[in-house]
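Undergrad: Only the shape, not the letters, is given here:
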């Protein structure tokens with residue numbers, strides 16, 4: 001509605017102007033409620049495990065990575081020079097028989 005139309009309503013029909021002003025109050029109140037709801041939904045959307053009690057598995061993909069110990073650059077498992085903790089083989093005098101176990105098929109390509 002432009003200014004000329006608003007003046008025409010005020011000069012012509014005061015009852016229509018009053019109804020429009022009352023309706024305007026309803027629209028303003030509805031707008032306030034919607035803005036509050038949008039703000040609440042945006043707060044919920046921005047929740048991560050860093051700023052709420054959510055577990056890290058529920059973080060959205062857009063969440064920044066959690067701080068922690070940086071990767072040390074070492075490979076997992078025993079490090080070079082570390083003495084392994086393997087069970088030793090029995091001496092041949094204590095062995096009754098030796099059985100070879102070979103797979104029937106290759107686990108990678110399934111060939112015999």
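TA: Right, received. Where do you want to start? This structure is a prediction, so every number in the text was calculated from the model and none was measured.

Undergrad: In three-state terms, label the residue with the largest distance to the centre of the chain for me.
TA: When distances to the mean C-alpha position of the chain are computed (CA atoms, centre = their mean), the maximum falls on residue 93, with 60.5 Å. Under DSSP: H, G, I helix; E, B strand; the rest coil, the three-state class of residue 93 is helix.

Undergrad: What residue, apart from its backbone neighbours, is nearest residue 56 spatially?
TA: residue 49 (4.3 Å; CB to CB, 6 or more residues apart in numbering). Bear in mind the C-beta positions are built from the backbone N, C-alpha and C, glycine included.

Undergrad: Now do the contacts for residue 62.
TA: By CB atoms under 8 Å, 6 or more residues apart in numbering, residue 62 lies in contact with nothing.

Undergrad: where are the low-confidence patches of the chain?
TA: 1, 66-73 (pLDDT under 70).
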